[in-house]
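Participant: Need the 3D shape of this:
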Amino acid sequence: MKTRELGKSGLAVSELGLGCMSLPTNRNEVDDIVAAALDAGITFFDTADLYEGGANEEVVGHAIHNRRGDIILATKVGNKMNQDGKTWHWDASKEHIMEGVKESLRRLSTDYIDLYQLHGGTMDDNAEEVIEAFERLKDEGIIRQYGISSIRPNVIQRFLKNSSAVSVMMQYNMLDRRPEEWFSMIEEHNASVIVRGTLAKGLLTVEGEQRATQSDSFVNYKQPALSEAVHNLTANATNLHAAAIHFCLQEDAVATTLVGARTHDQLMDSVHAYETPVSDVTLDALTNLLELHKYNQHRI
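Facilitator: Below you'll find the predicted structure:
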């Protein structure tokens with residue numbers, strides 16, 4: 001598996017990353033999936049303190065414990081669980097970040113995090129305080145680099161402009177091309193895009209047409225336009241799953257594109273799709289079938 005540098009960080013991440021949010025809660029199952037991912041060459045693993053109320057970090061930590069030096073581990077902070085253990089609220093304070101990282105380290109059974117990400121963000125946040133917290137953690141060696149997970153262009157630009165952040169996680173796929181407008185801005189700040197939602201909730205897989213009939217909409221696609229779009233992509237792609245992955249990776253701004261997996265077989269479907277060549281001619285033809293939308297809110 002090929003690797004790409006994450007921004008100007010010096011961190012090399014696998015082109016295909018494992019988005020850990022959808023992993024099961026059973027440790028043995030997670031151990032098997034993570035081992036298979038590592039064997040396939042996947043070295044970038046992304047989780048968050050919010051997923052399963054922290055339980056996701058725990059199973060990931062258990063699975064990677066003996067291979068910690070082989071991976072680039074990313075997690076996120078900013079959503080603070082309420083006392084009921086089920087709901088949460090936004091807290092981007094320096095105090096919460098400094099405390100949150102300690103809990104993530106404990107759950108992940110590690111003494112450092114490769115990439116620590118702000119899990120959202122608003123223009124009402126004290127950006128200076130947030131960045132100060134990340135810079136302090138970096139100076140102390142607790143984190144190696146930091147970034148942001150957001151689809152708000154104004155929040156992203158402010159964060160990149162005033163920090164040494166190396167990454168922006170954004171939903172991006174064939175059916176959600178809104179981030180493309182901002183790729184150049186992200187690159188100008190020496191950062192890379194980490195793609196989430198690569199397969200558009202399964203709409204860009206072999207099950208896509210069936211899933212489309214069960215969905216009212218996806219981003220700016222409403223029915224019946226959604227079903228029509230997925231049908232056209234399926235009809236014009238030999239392997240839509242593979243095309244979806246390579247569509248994201250054709251962008252220079254993209255460092256890695258995440259796929260989720262609840263089972264070993266689901267993971268291997270994505271690994272095989274990544275390993276399946278897709279020509280530029282095919283990608284161009286498929287792109288011509290797509291609409292190019294833009295974010296309506298939070299614009300710069």
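Participant: For the rest of this, base every contact and every neighbour count on C-alpha atoms.
Facilitator: OK.
Participant: Buried residues of stretch 203-222, list them for me.
Facilitator: Of the residues in stretch 203-222, those scored as buried under the neighbour-count criterion (16 or more other C-alpha atoms under 10 Å) are 203-205, 208-209, 211-213, 218, 220-221.
Participant: Using CSV, write out every CA atom in that stretch.
Facilitator: Output of stretch 203-222 as CSV, limited to C-alpha atoms (Å, rounded to 0.1, in the frame of the first residue of the first chain):
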residue,chain,number,x,y,z
LEU,A,203,-24.2,4.2,-1.7
LEU,A,204,-20.9,3.8,-3.6
THR,A,205,-20.7,0.0,-3.2
VAL,A,206,-22.2,-3.0,-4.8
GLU,A,207,-25.2,-2.4,-2.5
GLY,A,208,-25.5,1.2,-3.6
GLU,A,209,-28.7,1.0,-5.7
GLN,A,210,-30.6,-0.9,-3.0
ARG,A,211,-29.4,1.5,-0.3
ALA,A,212,-30.5,4.5,-2.5
THR,A,213,-34.1,3.2,-2.7
GLN,A,214,-34.1,3.2,1.2
SER,A,215,-32.8,6.8,1.5
ASP,A,216,-34.7,10.0,1.1
SER,A,217,-31.6,12.0,0.4
PHE,A,218,-27.9,12.3,0.6
VAL,A,219,-26.4,15.8,1.1
ASN,A,220,-27.8,17.8,-1.9
TYR,A,221,-29.2,14.8,-3.7
LYS,A,222,-32.9,14.2,-3.1
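Participant: Okay, strands next: where are they in the stretch 151-300 of the chain?
Facilitator: Assignment of strands within the stretch 151-300 of the chain using DSSP state E, counting those that start in this stretch yields the ranges 167-171, 192-196, 217-218, 221-222, 254-260.
Participant: and of those strands, who's closest to Ala40?
Facilitator: For Ala40, the closest of the strands of the stretch 151-300 of the chain is strand 254-260, at 13.3 Å, according to C-alpha to C-alpha.
Participant: what's that closest one packed up against?
Facilitator: Applying 3 or more C-alpha pairs under 8 Å, 6 or more residues apart in numbering; DSSP states H and E, we find strand 254-260 packed against strand 3-5, strand 12-14, strand 16-19, strand 192-196, helix 240-249, helix 264-275.
Participant: nearest to Gln171, of these?
Facilitator: Across the helices and strands packed on strand 254-260, closest to Gln171 is strand 192-196 (C-alpha to C-alpha), at 4.7 Å.
Participant: now stretch 188-202: how far from the chain's centre is it?
Facilitator: 6 Å (C-alpha atoms, centre = their mean, to the nearest Å).
Participant: Kindly report the same for stretch 73-80.
Facilitator: 12 Å.
Participant: And Trp88, how far from Pro24?
Facilitator: According to C-alpha to C-alpha, to the nearest Å, Trp88 and Pro24 sit 21 Å apart.
Participant: my bad, Gln145
Facilitator: Here the distance between Gln145 and Pro24 works out to 28 Å (C-alpha to C-alpha).
Participant: of the two, who's got more company?
Facilitator: Set side by side, Gln145 and Pro24 give different neighbour counts by other C-alpha atoms under 10 Å, the larger being at Gln145 (25 against 17).
Participant: Could you export the helix or strand encompassing the more buried one as PDB, CA atoms only?
Facilitator: Following DSSP states H and E, the helix or strand that holds Gln145 is strand 143-149. Output for strand 143-149, consisting of C-alpha atoms alone and laid out as PDB, is shown next (Å, rounded to 0.1, in the frame of the first residue of the first chain):
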ATOM      1  CA  ILE A 143       0.900  14.600  20.600                       C
ATOM      2  CA  ARG A 144       3.100  14.700  17.500                       C
ATOM      3  CA  GLN A 145       0.800  16.800  15.300                       C
ATOM      4  CA  TYR A 146      -2.700  18.200  15.300                       C
ATOM      5  CA  GLY A 147      -5.600  19.000  13.000                       C
ATOM      6  CA  ILE A 148      -9.300  19.700  12.800                       C
ATOM      7  CA  SER A 149     -12.300  17.700  11.700                       C
END
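Participant: quick one: strands adjacent to it?
Facilitator: Partner strands for strand 143-149, per DSSP bridges, with pairing direction: strand 113-119 (parallel), strand 167-171 (parallel).
Participant: Among the buried residues of stretch 203-222, which pair sits farthest apart?
Facilitator: Distances among the buried residues of stretch 203-222 were taken as C-alpha to C-alpha; the most separated pair is Thr205 and Asn220, at 19.2 Å.
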